[in-house]
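J.: Any chance you can model this:
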Amino acid sequence: MLLQVLGTAAGGGLPQWNCACPGCTGARAHPHRRRRHASLALRADEDHWYLVNATPDIGDQIEDSDALRPGPGHRRTPLAGVLLTDAELDHTLGIARLREAGGFTVHATAPVRTALRERLRLGEILAPYTRVDWLPLGPGPQPLGGEGTVELSTVPVSAKRPRYAAGGPPDPDGAGSADWVVALRLRETTTGRSLLYAPALAHWSDAFQRAVDEADCVIVDGTFWDDDEPVRTGISRKTATGMGHLPISGPRGTARHLTRARARCLYTHLNNTNPLGDPDAEEHTSLRSWGLEVAADRMVIEL
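T.: The predicted structure follows:
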């Protein structure tokens, strides 16, 4: 299974267009610090590649990946579809950019499909341009690609709705469906090797821990370094956990779990306030001492 990291930044990217915080200012002065919105490309087989989340940077992300570029036919593309972890705008706006395609699939959980089709009306908007097949996504394994050598399944990680869907009808269970945000499990059937991808993680459940234990590579939410970062930097009155993101460090941090994992573990979805956006920040020393990494844009991972 071949994976291409297309982006590793949280909402707004790094730098964010309207932000002059130290992280964004540093990225403007040092272009090698720039990060595009968090996304991943997966090769299911020779003829089928899937994007994990479709970001506002989707056009540039495809152009920067040799494997995703069109050819040899004028309109032949290896891109078969999109796999969604949630319904957030930063992870779904790129779907509209695919309107020139002859057709593609979108795999998403039930509440995410409903939000995109009924609240954003993406189905109606795209219908005059292309065919979009909206396919269910759930906990049971389902094959991807023409040869079916990659299986896809999910682990619910949060009931957080995107803001545009906050006023929608209540979820059927009455308490909020955790399927609003999921981690994706991608497993190659021929080798048994697997990836767990969770760019947004609000709760470290027993089910998520089992998925980490079974994975060969884990790419997880690294939005904030510590829980107080959003408040300390002035971007929010809420803590990281209050915003739906477990921090990396501290008593609530994900690092304490990942240091015990057998898998290769990397962080993605870095906010512009996260010191890890600066390659010279001392926090990188701590991360290395824990045996953990920060994913990089354009990184290739082969499992």
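J.: Quick one: residues contacting Gln61.
T.: The contact partners of Gln61, by CB atoms under 8 Å, 6 or more residues apart in numbering, come to 6-7, 36, 39, 41, 55, 68. Heads up, the C-betas are built off the backbone N, CA and C, glycines and all.
J.: Dump the residues you listed to TSV, plus neighbour count.
T.: Putting the contacts of Gln61 into TSV (neighbours: other CB atoms under 10 Å) gives the following:
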residue	neighbour count
Leu6	26
Gly7	28
Arg36	21
Ser39	27
Ala41	21
Thr55	27
Leu68	19
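J.: So, low pLDDT: which residues of the stretch 151-300 of the chain?
T.: Applying pLDDT under 70 to the stretch 151-300 of the chain flags the ranges 170-176.
J.: between the contacts of Gln61, which is nearest Thr190?
T.: Nearest to Thr190 out of the contacts of Gln61 is Ala41 (CB to CB; 19.6 Å).
J.: hey, what's that closest one bridged with?
T.: Counting by DSSP bridges, Ala41 forms beta bridges with Gln4, Leu51.
J.: Please report how far it lies from Arg33.
T.: Here Ala41 is placed at a distance of 22 Å from Arg33 (CB to CB, to the nearest Å).
J.: residue ranges of the helices in the protein, please?
T.: Using DSSP state H, the helices of the chain run over residues 22-29, 58-63, 89-92, 94-97, 110-114, 122-126, 206-214, 229-232, 255-258, 283-289.
J.: Could you pull out the buried residues of stretch 229-237?
T.: Using 16 or more other CB atoms under 10 Å as the test for burial, stretch 229-237 gives 229-230, 233, 235.
J.: What of stretch 73-87?
T.: 77-87.
J.: Among those residues, which are located in strands?
T.: If you go by DSSP state E, those have 79-83 in strands.
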